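# Here is a sequence with its predicted model. Questions after.
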Amino acid sequence: MTRKTQKIDFEASISELETLVEKMEGGEFSLEESVKQFESGIALARACQQALREAEQKVSQLTSNATGQEILAPFEPTEET
């Protein structure tokens with residue numbers, strides 16, 4: 001599976017990114033390791049941004065009418081039973 005089509009677990013990626021940032025801010029890595037971890041963090045951030053863009057596109061498609069105009073409707077969460 002290629003990187004562009006690979007689905008990510010958004011919440012797990014955000015959590016991993018937050019942990020990485022905390023460790024880097026805490027000075028837990030050597031300079032070389034910090035650079036490697038920074039590179040990993042950038043990849044995670046980009047994957048999360050892409051996932052958000054895709055989710056936004058889906059929402060936009062779902063809220064469009066037949067003419068392509070977006071229909072704004074209030075969000076009403078449903079109660080799970």
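Now that the structure is in, tell me what you want to look at. Residues are numbered from 1 along each chain as shown.

# Counting by contacts, list what the helix or strand where Cys48 lies packs against.
Using DSSP states H and E, the element containing Cys48 is helix 31-62. Under the contact criterion of 3 or more C-beta pairs under 8 Å, 6 or more residues apart in numbering; DSSP states H and E, helix 31-62 touches helix 10-25. To be clear about C-beta, it is placed using only N, CA and C from the backbone, and glycine gets the same treatment.

# relative to helix 31-62, how tilted is the helix it packs on?
150 degrees (axes from the mean of the first three to the mean of the last three C-alpha atoms, to 10 degrees).

# neighbours around Gly41, how many?
16 (other C-beta atoms under 10 Å).

# check contacts around the nearest residue to it once chain neighbours are set aside.
Spatial nearest neighbour of Gly41, excluding adjacent residues (C-beta to C-beta, 6 or more residues apart in numbering): Leu20 at 5.0 Å. Contacts for Leu20 (C-beta atoms under 8 Å, 6 or more residues apart in numbering) come out as 37, 40-41, 44.

# need those in a markdown table with pLDDT, can you?
What follows is the contacts of Leu20, written out as a markdown table (pLDDT from 0 to 100):
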| residue | pLDDT |
| --- | --- |
| Gln37 | 95 |
| Ser40 | 95 |
| Gly41 | 95 |
| Leu44 | 94 |
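
# Ranking by neighbours, what's the top pick from those residues?
Neighbour max across the contacts of Leu20 (other C-beta under 10 Å) = Leu44, 18 neighbours.

# does it really touch Ser13, like I thought?
Yes - at 5.2 Å, Leu44 counts as touching Ser13 under the criterion of C-beta atoms under 8 Å.

# Show me which pair in the contacts of Leu20 is furthest apart.
Gln37 and Leu44 (10.2 Å; C-beta to C-beta).

# Now do the SS call for Lys7.
Classification of Lys7 using DSSP: H, G, I helix; E, B strand; the rest coil returns coil.

# so what's Leu44 closest to, chain neighbours aside?
Counting by C-beta to C-beta, 6+ apart, the residue nearest Leu44 is Leu17, at 4.7 Å.
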